[in-house]
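J.: Can you look at this prediction? I've put the sequence above it.
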Amino acid sequence: MSKNEKDMISASHIVLDKSYLQGCTSLNLEEMSRQHRLILCAETFHEVVSSPDDEMKSCMKKLLAYTTSVDLLDHHGTLLKYEIENRQPCKPLSAHILPLTLNPEWNHTISEPQSETITDFHNHWEVDSPKAFDEIVLEIIGTCGRITPEQVASDREMVLKTYGHLRASERLPLPSHLNEDWAIYRRLQVELIAAHEYMYSFQDGQFCIRKDRKAHNQIDFRVLIAACLAGGIATRDNLIRRYFEILCPGGTLYWIEGHRP
């Protein structure tokens, strides 16, 4: 495990990615929990408990040893809804921690009602029914052209101009209200970078990216948004690391060398 040496001010929260839980040891989590509160996004929790049984038990066994150090963050759609309704950023993330704790005595079994909730979780990802991400990418490119990751990270004015072009409803906050403290802003940054990269795979009217890869990317993107807002991430996923280092260069990164694409 390595910690990003560029970090100057340690993040108070570290967002845990599933890939990190798969590759870390209990000692890794213990060391991290001495310095930070650990955030488990609702999306990550869903990904863990819907994994194959052995994989789920391995991740949960590590988490359940540190229940007093782990905060459960409400799903991404709730953060967006809060910002839209209140016209203010969702930070601090501590305001959106669920009033729940992991049960250290959990026996790793899931009841039928809980299983139904897990199955239906995708219905709660967004404020409204989302467009397919392919459509979002094409809309971004068609409206704004291809914007480089470096521009996305460093040129707030350009990002806000893009947001103004894409803002489809008066319900959404005005561009002048947004900055890096907003989930809406961080989400747009992630989607702009993804749009730039997705277009390299666009051939014969479609994106040549596996369906399961695109679905996994959507979870990664939501974890990334939370990580940028928190200023810290623990992962062994190359995509998450790469995007986080672009968007949060002064953030705290815990990294385990792994085999994730």
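T.: Cool, the structure landed.

J.: list the helices and strands whatever helix or strand Asp134 lives in packs on?
T.: Using DSSP states H and E, Asp134 maps to helix 133-144. Helix 133-144 sits against helix 156-166, helix 183-198, strand 206-207, helix 211-230, with contacts defined as 3 or more Cβ pairs under 8 Å, 6 or more residues apart in numbering; DSSP states H and E. Every C-beta, even on glycine, is put in place using the N, C-alpha and C of the backbone.

J.: Quick check: next helix or strand after the longest one?
T.: Heading C-terminal from helix 211-230, the first helix or strand you meet, by DSSP H and E, is strand 232-235.

J.: Could I get the buried residue list for that following strand?
T.: Gly232, Ile233, Ala234, Thr235 (16 or more other Cβ atoms under 10 Å).

J.: What is the subsequent helix or strand relative to the lowest-mean-pLDDT helix or strand in the chain?
T.: Every helix and strand of the chain was ranked by mean pLDDT, DSSP states H and E. The lowest is strand 2-3, at a mean of 44. Per DSSP H and E, strand 2-3 leads on to strand 13-16 as the next helix or strand towards the C-terminus.

J.: low-scoring stretches of the stretch 1-150 of the chain, by residue?
T.: 1-11, 105, 107-132 (pLDDT under 70).

J.: quick one: the strands in it?
T.: 2-3, 13-16, 37-41, 70-73 (DSSP state E, counting those that start in this stretch).

J.: Point out the one among the ones you listed that comes closest to Cys90.
T.: Proximity to Cys90 (Cβ to Cβ) singles out strand 70-73 among the strands of the stretch 1-150 of the chain, at 10.1 Å.

J.: Could you name the helices and strands sitting against that closest one?
T.: strand 13-16, strand 37-41, helix 42-49.

J.: switch the cut-off to 6 Å
T.: Contacts defined by 3 or more Cβ pairs under 6 Å, 6 or more residues apart in numbering; DSSP states H and E place strand 70-73 against strand 37-41.

J.: mind listing what the strand it packs on pairs with, with the direction of each?
T.: In the sheet, strand 37-41 lines up against strand 13-16 (parallel), strand 70-73 (parallel) (DSSP bridges).

J.: Run through who's touching the last one.
T.: So that's strand 70-73. Arg37, Leu38, Ile39, Leu40, Cys41, Ile97, Leu98, Leu100 (Cβ atoms under 6 Å, 6 or more residues apart in numbering).

J.: so the fourth one makes contact with Asp17?
T.: No: counting by Cβ atoms under 6 Å, Leu40 sits too far from Asp17 to count as a contact (9.7 Å).

J.: Looking at those two now, which is surrounded by more residues?
T.: Asp17 (29 against 23; other Cβ atoms under 10 Å).

J.: Most tightly packed of the strands paired with strand 37-41?
T.: strand 13-16 (a mean of 28; mean count of other Cβ atoms under 10 Å).

J.: picking up where we left off before, with respect to Leu224, which of the strands of the stretch 1-150 of the chain lies nearest?
T.: Across the strands of the stretch 1-150 of the chain, closest to Leu224 is strand 13-16 (Cβ to Cβ), at 8.6 Å.

J.: who touches the closest one?
T.: With Cβ under 6 Å, 6+ apart, strand 13-16 has contacts from His36, Arg37, Leu38, Ile39, Leu40, Ala226, Ala227, Ala230, Gly232, Ile233, Ala234.

J.: any chance of the residues you listed in JSON lines, plus distance to Tyr198?
T.: Shown next, in JSON lines, are the contacts of strand 13-16 (distance: Cβ to Cβ, whole Å):
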{"residue": "His36", "distance to Tyr198": "32"}
{"residue": "Arg37", "distance to Tyr198": "34"}
{"residue": "Leu38", "distance to Tyr198": "31"}
{"residue": "Ile39", "distance to Tyr198": "27"}
{"residue": "Leu40", "distance to Tyr198": "28"}
{"residue": "Ala226", "distance to Tyr198": "21"}
{"residue": "Ala227", "distance to Tyr198": "20"}
{"residue": "Ala230", "distance to Tyr198": "26"}
{"residue": "Gly232", "distance to Tyr198": "27"}
{"residue": "Ile233", "distance to Tyr198": "22"}
{"residue": "Ala234", "distance to Tyr198": "26"}
